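**Q** give me a 3D structure for the following:
(one chain, ligands or ions: 1)
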Amino acid sequence: MTDNCPNCPLQDVEPMAEHDRGTQVSHLYRCAGCGHVWSTNRDLNAYGEAA
Ligand SMILES: [Zn+2]
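**A** Residues are numbered from 1 along each chain as shown. Model (predicted):
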């Protein structure tokens with residue numbers, strides 16, 4: 001699942017790491033444009049992907 005860089009206009013950044021935490025999944029991103037690193041936590045239930 002890609003994300004948009006919060007620090008520059010680059011979009012569709014591919015995650016470089018993914019961690020599952022029960023019903024939540026954390027993605028770590030590094031922007032190829034500006035080098036900014038950020039992470040997101042998503043609730044899988046909100047995306048209808050819960051097993
Ligand atoms: Zn960026």
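**Q** residues near the nearest residue in space to residue 14 that is not next to it in sequence, how many?
**A** Distance criterion CB to CB, 6 or more residues apart in numbering; nearest residue to residue 14, sequence neighbours excluded, is residue 2 at 5.8 Å. All C-beta atoms are positioned from the backbone trio N, CA, C, and that covers glycine. A total of 10 residues lie near residue 2 under the criterion other CB atoms under 10 Å.
**Q** quick check: residue 2 touching residue 27?
**A** No: using CB atoms under 8 Å, residue 2 is not in contact with residue 27, being 9.0 Å away.
**Q** identify the contacts common to the two.
**A** Residues touching both residue 2 and residue 27 by CB atoms under 8 Å, 6 or more residues apart in numbering: residue 15.
**Q** wait, isn't residue 43 in contact with residue 24?
**A** Yes: the criterion here is CB under 8 Å, and residue 43 meets it with residue 24 at 5.6 Å.
**Q** the helix or strand of the chain with the lowest mean pLDDT: how far from the chain's middle?
**A** In the chain, no helix or strand scores lower on mean pLDDT, DSSP states H and E than helix 44-47, which sits at a mean of 78. Counting by CA atoms, centre = their mean, to the nearest Å, helix 44-47 is centred 14 Å from the centre of its parent chain.
**Q** against which helices or strands is that helix packed?
**A** Using 3 or more CB pairs under 8 Å, 6 or more residues apart in numbering; DSSP states H and E as the contact criterion, no helix or strand is in contact with helix 44-47.
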